[in-house]
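[1] Need a 3D model of the following:
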Amino acid sequence: MTGSQQTARKAVFITGAAAGIGRATALAFARKGFTVGGYDINESGLESLAGEIERVGGRAIVGHLDVTDPDEMAQRVGDFARAAGNRLDILINNAGILRAGRFEELDLPGHLREIDINVKGVVNGLYAAFPYLRDTPGSVVVNLSSASAIYGQVELANYSATKFFVRGITEALDLEWQRHGIRVIAMWPLYVRTGMTANIKTGTTESLGIRLTAEDVAEAIVKATEPSLLRRALHQVHFPVGTQTKALALGSRFSPGWLTRLVNKKLAHS
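    Sure thing, here's the model as predicted:
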């Protein structure tokens, strides 16, 4: 493949790409011929990912990234955009952690670490990527939110709060960055069968199960970046993933606050 052919590829930058949703998403875009930037603190996982990306038809650029470090984020995003031909079509803020349990029983440093990764990591990514997104026509930001951003979740209080932040900044920047031609959207999966949820047991996991796969979310992300004419006309910002999340999101829109609270209380066995 010539250099001109490589730079003609669309480019996607994915945080938390070594495993789970990030890895599945990287491979989904690789199959569409993208230059895929896969970044994570798990460098051994990235090595195997790079080979898989190339085997399915993508171009791989991978590297270490601690999303809580704004300087490293700026360096990695800039290096990737330049290597991809001075473009950044899609930024996917995927990196995140989930800690489950009663709020007061979980240690404070862990709460703060969750905020650093799930909130500050997203802000760092948005800030670093903006000039490259602005200069790439039709660019899209995909922020990984969660069904826990519908209503605050028992045993996931801090995690849920971080996803409310993601929801809010997505809505605000989709409006603010529209003048630059940048779409900003959020994905709302419920529990997904990945390493993140392997040892999670809460009232809601018992009520609802863990049904989604990483591939389910990856497929939804790809579709959301290529919206139908109807979705374009409606300018959809939030994308619930899976039947359960769609039902919960729809119900919360039309039910009174007291009923939404009651439903969440019962699902959490609280």
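[2] and after the top helix by length along the chain, which helix or strand comes next?
    Identified as the longest helix of the chain according to DSSP state H is helix 157-176. Heading C-terminal from helix 157-176, the first helix or strand you meet, by DSSP states H and E, is strand 183-189.
[3] Without its sequence neighbours, what residue ends up closest to Gly181?
    Nearest-residue entry for Gly181: Pro137, 6.2 Å, with adjacent residues in sequence omitted and distances by Cβ to Cβ, 6 or more residues apart in numbering. From N, CA and C alone the C-beta is placed, and that goes for glycine too.
[4] Just the helices from the stretch 101-250 of the chain, written as ranges.
    Counting by DSSP state H, counting those that start in this stretch, one finds helices in the stretch 101-250 of the chain at the ranges 108-115, 121-134, 157-176, 203-208, 214-225, 229-234, 243-254.
[5] among those helices, where is the model least confident on average?
    Least confidently modelled of those is helix 203-208, at a mean of 73 by mean pLDDT.
[6] residue ranges for the strands of the stretch 1-150 of the chain, please.
    Listed in chain order, the strands of the stretch 1-150 of the chain (DSSP state E, counting those that start in this stretch) span 11-15, 35-40, 59-64, 90-93, 140-144.
[7] Parallel or antiparallel, which strands does the fourth one pair with?
    So that's strand 90-93. strand 11-15 (parallel), strand 140-144 (parallel) (DSSP bridges).
[8] contacts for it?
    The set of residues that contact strand 90-93 without belonging to it, under Cβ atoms under 8 Å, 6 or more residues apart in numbering, is 10-15, 22, 25, 29, 34, 77, 121-122, 125-126, 129, 133, 139-144, 166, 221, 225.
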